[in-house]
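dropping a prediction and its sequence here:
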Amino acid sequence: MTALRSINQDDLRNHNLSVIIDTILRSPTSLSRADLAKATGLTKATMSLLANILLNNHVVREGEPDISQTTHGRPSTPLSVAHGRWAGLGLQINTDGFGCMALDLDGRVIDAKWIHNDMRRTNPKDIFDELDDLSRPIEKALNHKHYRLVGSGLALPGLVTDDNTLLMARNLGWERLDLTQFSVVRRLTPRAGNEARLAALSQIPGQATQRLTSSHECTLAPTDSFIYLSTDIGIGGAVVRRGSVETGDHGFAGELGHVSVDLNGPTCRCGRRGCLETYAGRRALVEAACIASGDDAVKSESMDELYKRWQQGDANAVDAIDRGLDAMISVIVTVINIVDVDTVILGGFWSNFGSELSDRLEQRLNELSLGRDAVNIRVLMPLVADYPALRGAAQVGLRRFIDNPLDFLSA
Ligand SMILES: [Zn+2]
């Protein structure tokens, strides 16, 4: 009986610490112990005890006492996330290169490296070995700065199963890879996931790091629902429901890029016809605008040229973008009608076309959705636009700590 009771108390303490850390991360302002007790439903005595554990372990720090707010005659002291101790590592292999990012619990990027690389016809082992070489100096530097690396995530542009198999990444030409064969995966044991789902994670305020404060962010709350589109050569997506990414029963949910808008349309790399990707993907747009074809169409210079020609009003470029936008609208409206979400975040290169295009998208979505009389749909630019999947992967690493703080803290 005694053993059982002590296990339960540890579980309870672990749970309470996790809830407190989550509450601090999601808050746009610093919270006092009294604020935290109120927000979490814990007693002030328990709160004080647990806050001390977090202070002693450099998870939180105390700010300047606020003399305008007092508790029993004492000024209240705000608590906020400390920096310099807890880090998550993100790893990513994408269609344009690969890289790593170390992320502090307070949201700052400690270190990041990205290698731009032509990923077509690459050998997976060579790339994973290079990723291993890239991550080692970052880990060493973390160690040197007295950070504790609590976990890592790995973002891949394809379908990843729960048992660490990359089923397929068509735009890399990789199939059925047991990820545990690679030394970097065995060494760091990252949780692998689809890049679009991880990019969506990075848009959720306070998901694993201190909530960022920006004017845009005010429009998205930690528990909001939204559809995230990740646009590149391929198009990925995710549905976020009340602050959680919908993964589906097998981790494959959200493949918006392979919703067909025309069963007689162009053949997609997935084998079907008329997928969104064949109209609105980077390669498809460059080819449709007659800028380049084949391997040249996926070069970043081709995309720069498309953007330039579109701005100049070149007829082919304008047509290609209009057709791509129509396909996007068709798919997003369909998804909105299915999942009933009112916010769309446009990630990836489509966000570079600016507010004129996103306003058009927003207007059309509002004209076409079934719930238009009752629901106002909004299209937002991504809060994290630079390497969002890499950041999301690092957040997955940090969640290992946030979900089970007692695995890491000395109480
Ligand atoms: Zn497809």
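The structure has been received and is ready for your questions.

can you get me a residue count around residue 38?
The number of residues packed near residue 38 is 13, by other CB atoms under 10 Å. Using the backbone N, CA and C atoms, a C-beta is placed for each residue, glycine as well.

what do you get for residue 178?
Neighbourhood size, residue 178 [other CB under 10 Å]: 12.

and if you look at residue 345?
Residues lying near residue 345 (other CB under 10 Å) number 25.

tell me which strands and helices the helix or strand hosting it is in contact with?
Take DSSP states H and E as the rule and residue 345 turns out to sit in strand 343-348. For strand 343-348, the packing partners by 3 or more CB pairs under 8 Å, 6 or more residues apart in numbering; DSSP states H and E come out as helix 195-201, strand 226-231, helix 354-368, strand 378-380.

and it, how far out from the chain middle?
12 Å (CA atoms, centre = their mean, to the nearest Å).

just the element for the spatially closest residue to residue 46 that is not a sequence neighbour, please.
Using CB to CB, 6 or more residues apart in numbering and skipping the chain neighbours, the partner closest in space to residue 46 is residue 16 (7.0 Å). Taking DSSP H and E as the definition, one finds residue 16 inside helix 2-26.

residue 115 and residue 130 touch, don't they?
Yes. With contacts counted by CB atoms under 8 Å, residue 115 reaches residue 130, the gap being 7.0 Å.

anything in contact with each of the two?
residue 98 (CB atoms under 8 Å, 6 or more residues apart in numbering).

what about the closest residue in space to residue 76 that isn't next to it in sequence, neighbour count?
Leaving aside its sequence neighbours, residue 76 sits nearest to residue 32 (CB to CB, 6+ apart; 3.9 Å). By the criterion of other CB under 10 Å, residue 32 has 21 neighbours.

with residue 301 instead?
11.

please begin residue numbering at 25 from this point
All right, first residue 25 from here; so that's residue 325.

can you give the distance of the helix or strand harbouring it from its chain's centre?
Assessed by DSSP H and E, residue 325 sits inside helix 324-336. Its chain's C-alpha centre and that of helix 324-336 lie 27 Å apart, by CA atoms, centre = their mean.

next: stretch 127-139.
Worked out by CA atoms, centre = their mean, stretch 127-139 lies 14 Å from the chain centre.

any chance you could map the strands in the stretch 225-374 of the chain?
With DSSP state E, counting those that start in this stretch as the definition, the stretch 225-374 of the chain shows strands at residue ranges 250-255, 259-265, 268-269, 367-372.

parallel or antiparallel, list what pairs with the last one.
Read that as strand 367-372. Next to strand 367-372 in the sheet, as set by DSSP bridges, lie strand 250-255 (parallel), strand 402-404 (parallel).

closest one to the ion among those?
The ion lies closest to strand 250-255 among those, at 14.2 Å (CB to the ion).

quick check: angle from the closest one to strand 259-265?
Angle, strand 250-255 to strand 259-265, by axes from the mean of the first three to the mean of the last three CA atoms, to 10 degrees: 170 degrees.

other residues contacting strand 250-255?
In contact with strand 250-255 (CB under 8 Å, 6+ apart) are residues 219-220, 223-224, 227, 244, 259-264, 280, 304-306, 352, 356, 359-360, 363, 365, 367-375, 404, 406, 412-413.

one more time with 6 Å
For strand 250-255, contacts defined as CB atoms under 6 Å, 6 or more residues apart in numbering pick out 220, 223-224, 260-264, 359, 365, 367-374.

over to stretch 143-154?
Residues outside stretch 143-154 that contact it (CB under 6 Å, 6+ apart) are 117, 119, 122, 196, 198, 201, 206, 208.

end-to-end on that stretch?
Distance between the boundary residues of stretch 143-154 (CA to CA, to the nearest Å) amounts to 13 Å.

if you average pLDDT over it, what comes out?
Stretch 143-154 carries an average pLDDT of 94.

which parts of that stretch are buried?
143, 146, 148, 151, 152, 154 (16 or more other CB atoms under 10 Å).

if I've got this straight, the last one is in a helix?
Pointing back at residue 154 there. Yes. Under DSSP: H, G, I helix; E, B strand; the rest coil, residue 154 sits within a helix.

lowest-pLDDT helix or strand in the chain?
Every helix and strand in the chain was compared by mean pLDDT, DSSP states H and E; the lowest is strand 90-95, with a mean of 69.

show me where pLDDT drops low in this protein?
Regions of the chain meeting the criterion pLDDT under 70 cover residues 25-31, 93-98, 236-242.

hang on, residue 363 packs against residue 263?
Yes. Between residue 363 and residue 263 a contact is recorded at 5.3 Å, counting by CB atoms under 6 Å.

okay, those two: which has more neighbours?
The neighbour count for residue 363 versus residue 263, taken as other CB under 10 Å, is higher for residue 263 (22 against 14).

what sits against that one?
Per CB under 6 Å, 6+ apart, neighbours of residue 263: 251, 270, 278, 363.

what angle do the strand holding residue 369 and helix 378-392 make?
Inter-element angle recorded for strand 367-372 and helix 378-392: 140 degrees (by the same axes, to 10 degrees).

how is this protein partitioned into domains?
Domains of the chain are assigned by automatic domain parsing as 26-105, 110-232+413-429, 245-404.

among the ones you listed, which is the most enclosed?
Compared across the domains of the chain, domain 110-232+413-429 shows the largest average neighbour count, a mean of 20 (mean count of other CB atoms under 10 Å).

how far away from the center of its chain is that one?
Its chain's average C-alpha position is 11 Å from that of domain 110-232+413-429, according to CA atoms, centre = their mean.

can you check stretch 344-363 too?
The chain centroid and the centroid of stretch 344-363 are separated by 22 Å under CA atoms, centre = their mean.

just stretch 108-123 next, same as before
11 Å.

again, but for stretch 349-367
20 Å.

convert it to CSV, retaining C-alpha atoms only.
Output of stretch 349-367 as CSV, limited to C-alpha atoms (Å, rounded to 0.1, in the frame of the first residue of the first chain):
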residue,chain,number,x,y,z
LEU,A,349,-5.6,29.8,-56.3
ASP,A,350,-8.8,28.3,-57.7
ALA,A,351,-7.6,24.8,-56.8
MET,A,352,-6.6,26.0,-53.3
ILE,A,353,-10.0,27.5,-52.8
SER,A,354,-11.8,24.4,-53.9
VAL,A,355,-9.8,22.2,-51.5
ILE,A,356,-9.9,24.5,-48.5
VAL,A,357,-13.7,25.1,-48.9
THR,A,358,-14.1,21.3,-49.0
VAL,A,359,-12.1,20.8,-45.9
ILE,A,360,-13.8,23.7,-44.0
ASN,A,361,-17.2,22.1,-44.9
ILE,A,362,-16.0,18.8,-43.5
VAL,A,363,-14.2,19.9,-40.3
ASP,A,364,-15.9,23.2,-39.5
VAL,A,365,-13.0,25.4,-38.7
ASP,A,366,-13.0,29.2,-39.4
THR,A,367,-9.2,30.0,-39.6
